[in-house]
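1. Can you look at this prediction? I've put the sequence above it.
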Amino acid sequence: MLTGVIRAGRADLYSIFRTRAHDCARALAIEDGSRKLTYAELLERVDRLAAVFLARGVAPGDRIAILSHNRSEYLEVELAAAGIGAIVACLNWRLAPDELRNCIDLVEPVLAVVEPELSEAYRAVASTPCLTVGPDLETAIAGVEPDPRTGTMVDDPEAGLTILYTSGTTGLPKGAHISHRAHIARSMVFAAQLALDPGDGFIAWAPMFHMASTDHALATILRGGTVVMVDGLQPAVINEALSRHRIGWFVMMPGALEAFINERHANGHALSEFLRGDRNRPAAGNRRSDRAGCDPGPAVQAHQRLLRGAAGRSRRPRSPRWNAGRNGASGSDAVFRVLERRRHQCP
């Protein structure tokens, strides 16, 4: 028993992903527009990409820079790096040249994965060897076989996996080094605090260079859910994905909330349908319902604090209230109200 506990405590992110991929081989792992990858297909691509990195001299502890908008290859790069002990530096494509150069110089990458439209910006400030997303990357993946070393090269779960950067509001951006263990622990906390089920999906529309998407996308893959990749705030695409997928955690920022709500109304979707969660989802027997008798669903439970801020200036709106919890453990007693411009409550 103790040996198993110790072994679990030393697990790395790739080993958990590989186990999940074997268990959920036919389940949908990533949806990126018309492109869909099952867990088996994702594992195959990740293992081949890891072999590409090894063939290009990437060693454990080396940094791989990525400059790309949201797309399935972003997750593939992070998972492949996890398999060989490399660290992915997630670069912000919004940065000015001097800021981008600083972020690259901080981590000294041995390889960069760059989207074609961002290639010029990267090459203007760095001379790192590059793999370009598209035909260049696909040819490289097709030209190798999985390397048996993948999955054996991370000895310490405290080894780094990603580097995410600060916004640079008080100076040049700084890098935050996040380990395998930290990503795994955070995924467990997400699932416990937000009452997520293993198959719950996530819509990655916020930039993958930010923890809002990278953290939750990796956590979703570790659980066996579907990550829906969306390149930025596209309310119609996001709402369409919400209508097809069981989403357990949904990210929405105050500045983007109005466009999201307007699109729902324009297409005849009442906001309350989203707030109450997936009506087709079986209610968990040990999950508390709200005081009106309906289960608000994890999306609301998780989003309660953010959306309370969109409710207006009042810190104590009247209703409705959601109280989320499992096994009798009470969660945050959140108050939720969304108002229109004239302060009339949205339907």
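-> The structure has been received and is ready for your questions.
2. Give the buried residues for stretch 243-259.
-> Residues 245-252, 256 are the ones in stretch 243-259 that count as buried (16 or more other Cβ atoms under 10 Å). In short, each C-beta sits where N, CA and C put it, glycine included.
3. Let me see the ranges of the helices in the stretch 51-200 of the chain.
-> 72-84, 97-107, 116-123, 135-142, 180-193 (DSSP state H, counting those that start in this stretch).
4. got a list of what Met208 touches?
-> Met208 is in contact with 68-70, 74-75, 90, 214, 217, counting by Cβ atoms under 8 Å, 6 or more residues apart in numbering.
5. mind running it again at 6 Å?
-> Residues in contact with Met208 (Cβ atoms under 6 Å, 6 or more residues apart in numbering) are 70, 74, 214.
6. Now do the same for the second one: its pLDDT.
-> If I follow you right, that is Tyr74. Note on Tyr74: pLDDT of 98.
7. What is the burial count for Asn262?
-> Number of residues near Asn262 (other Cβ atoms under 10 Å) recorded here: 11.
8. Let me fix that, I meant to ask about Pro235.
-> 19.
9. same deal with Asp105?
-> Neighbour tally, Asp105, other Cβ under 10 Å: 12.
10. Next: Arg63.
-> 22.
11. Surely it touches Leu106?
-> No - using Cβ atoms under 6 Å, Arg63 makes no contact with Leu106, being 9.3 Å away.
12. List just the nearest of the buried residues of stretch 243-259 to Ala96.
-> Using Cβ to Cβ, Ala256 is the member of the buried residues of stretch 243-259 that lies nearest Ala96, at 23.2 Å.
13. pretty sure the closest one is in a helix, no?
-> Yes - membership of Ala256 in a helix is supported by DSSP: H, G, I helix; E, B strand; the rest coil.
14. Next, the contact list for it, please.
-> Counted by Cβ under 6 Å, 6+ apart, Ala256 has contacts Leu233.
15. In terms of pLDDT, where does it sit?
-> 85.
16. what's the distance between it and Ala140?
-> Distance, Ala256 to Ala140, by Cβ to Cβ, to the nearest Å: 36 Å.
17. OK, contacts around Ile203?
-> Counted by Cβ under 6 Å, 6+ apart, Ile203 has contacts 228, 238, 241.
18. so can I have a markdown table of those residues showing neighbour count, distance to Ala86 and pLDDT?
-> Shown next, in a markdown table, are the contacts of Ile203 (neighbours: other Cβ atoms under 10 Å; distance: Cβ to Cβ, whole Å; pLDDT from 0 to 100):
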| residue | neighbour count | distance to Ala86 | pLDDT |
| --- | --- | --- | --- |
| Val228 | 26 | 26 | 97 |
| Ile238 | 24 | 32 | 90 |
| Ala241 | 20 | 31 | 90 |
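19. what's the closest of those residues to Gly171?
-> Ile238 (33.6 Å).
20. And the host helix or strand of the closest one, what does it pack against?
-> According to DSSP states H and E, Ile238 maps onto helix 235-244. Applying 3 or more Cβ pairs under 6 Å, 6 or more residues apart in numbering; DSSP states H and E, we find helix 235-244 packed against helix 254-266.
21. repeat that for 10 Å
-> Packed against helix 235-244 by the contact rule (3 or more Cβ pairs under 10 Å, 6 or more residues apart in numbering; DSSP states H and E) you find strand 201-204, strand 227-229, helix 254-266, helix 271-275.
22. mean pLDDT lowest for which of these?
-> Looking at those, the bottom one is helix 271-275 with a mean of 56.
23. where are the low-confidence patches of the stretch 201-347 of the chain?
-> Within the stretch 201-347 of the chain, the segments meeting pLDDT under 70 span 269-347.
24. what pairs with the nearest residue to Leu118 once chain neighbours are set aside across the strands?
-> In space, and not counting its chain neighbours, Leu118 is closest to Leu67: 4.8 Å by Cβ to Cβ, 6 or more residues apart in numbering. Assessed by DSSP bridges, Leu67 has beta-bridge partners Val114.
25. follow-up on the earlier one: can you list the helices and strands packed on helix 235-244 in JSON lines and add distance to Ala195?
-> Output for those, formatted as JSON lines (distance: least, Cβ to Cβ, whole Å):
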{"stretch": "strand 201-204", "distance to Ala195": "14"}
{"stretch": "strand 227-229", "distance to Ala195": "19"}
{"stretch": "helix 254-266", "distance to Ala195": "23"}
{"stretch": "helix 271-275", "distance to Ala195": "16"}
